[in-house]
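Chemist: just need the structure, nothing else, for what follows:
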Amino acid sequence: MQHGAKYRQDRIRGRDWSGFTDLWGIEGRLALSRRWDLGLHGDLLHTWRSGQIDYRSAVSVGCRILDEAWLSLGYNLTGFEDDDFSRAAFTAQGPFLQYRFKLDQESLTNLLGHPSASGQPAVEAH
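Modeler: Reported below is the predicted structural model:
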């Protein structure tokens, strides 16, 4: 799940404009096997002042390429473009390629090669 919000003020041709926009999103994934999964995505972009609502609906198929990394190919059946929210996600209508990775305490410790991952002290006393 995700939520994002922004308040924007602009001056265009001598007029002041302002408004609040928020984005709500959800993604669900179904594991087909240890390596493959299917995804369904949905987003709603709401601009409060104008009452404008835009939607994104998408499907994707993902493949685990490393222990904690996936590559997904998807298609946005419906989509939208927003200067701020579109930069953080694949929201425009059409195909997309996405890279995902799992990052938690254990994977970060393994990635950094920290000695405490093996049960040994992180700092040795001399």
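Chemist: kindly state the beta-bridge partners for S57.
Modeler: Beta-bridge partners recorded for S57 (DSSP bridges): G42, T78.
Chemist: pull the contacting residues for it.
Modeler: By Cβ atoms under 8 Å, 6 or more residues apart in numbering, S57 lies in contact with H41, G42, N76, L77, T78. Bear in mind the C-beta positions are built from the backbone N, C-alpha and C, glycine included.
Chemist: quick one: pLDDT of it?
Modeler: pLDDT, S57: 96.
Chemist: from T78, how far out is it?
Modeler: Taking Cβ to Cβ, to the nearest Å as the measure, S57 falls 5 Å from T78.
Chemist: quick one: strands adjacent to the helix or strand where D16 lies?
Modeler: Taking DSSP states H and E as the criterion, D16 maps to strand 15-31. Next to strand 15-31 in the sheet, as set by DSSP bridges, lie strand 2-12 (antiparallel), strand 36-47 (antiparallel).
Chemist: identify each buried residue in the first one, please.
Modeler: By neighbour count with 16 or more other Cβ atoms under 10 Å, strand 2-12 contains the buried residues G4.
Chemist: which residues are common contacts for S57 and T78?
Modeler: Contacts common to S57 and T78, judged by Cβ under 8 Å, 6+ apart, are absent.
Chemist: could you list the low-pLDDT ranges of the chain?
Modeler: For the chain, the stretches with pLDDT under 70 are 84-89, 114-126.
Chemist: surely L23 and L45 touch.
Modeler: Yes. Between L23 and L45 there is a contact under Cβ atoms under 8 Å: 5.1 Å.
Chemist: got the end-to-end distance for stretch 1-20?
Modeler: Across stretch 1-20, the terminal residues are separated by 20 Å (Cα to Cα, to the nearest Å).
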